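Asks: Here is a sequence together with a model predicted from it:
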Amino acid sequence: MSKNAFYRADAARMALEEMELYCATHPNSPSAARRPTLSIRRGLWIALLGPTVENGIVGIGFTVEGALRAFDSQYMAGLRFAE
């Protein structure tokens, strides 16, 4: 297994731990209820619920927490728009 594979696995584990901490701290948030998937692209964290960024609810941030906060904001904005 390559050194990069270990790094990716460690980064993924740390991201999931950060998400668990965020959800425990914000138990009533959309992130805690919906558990978006996390990924990282070009140094930005992406929290996504749906098939694609174009067809889902997305939050983007420099940290996992930032992405989850942005996701929560977008989710709530979508609910307000639907009313």
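Replies: Great, that's in hand.

Asks: List the contacts of stretch 40-52.
Replies: 11, 15, 31, 34, 36-39, 53, 56-64, 66-68, 70-71, 75 (CB atoms under 8 Å, 6 or more residues apart in numbering). All C-beta atoms are positioned from the backbone trio N, CA, C, and that covers glycine.

Asks: at 7 Å instead, please
Replies: Stretch 40-52 is contacted from outside by 31, 34, 36-39, 56-64, 66-68, 71, using CB atoms under 7 Å, 6 or more residues apart in numbering.

Asks: Could you check how far that stretch is from the centre of its chain?
Replies: Centroid separation for stretch 40-52 versus its chain: 7 Å, with CA atoms, centre = their mean, to the nearest Å.

Asks: buried set for it?
Replies: Trp45, Ile46, Ala47, Leu48, Leu49 (16 or more other CB atoms under 10 Å).

Asks: pLDDT score for the residue nearest in space to the middle of the chain?
Replies: Compute the mean C-alpha point of the chain, and by CA atoms, centre = their mean the closest residue is Ala47, 2.6 Å away. We have a pLDDT of 97 for Ala47.

Asks: Report whether it is found in a helix, as I expect.
Replies: No - assessed with DSSP: H, G, I helix; E, B strand; the rest coil, Ala47 is strand; it does not lie in a helix.

Asks: ok so, going back, looking at the buried residues of stretch 40-52, which is nearest Pro27?
Replies: Ala47 (16.6 Å; CB to CB).
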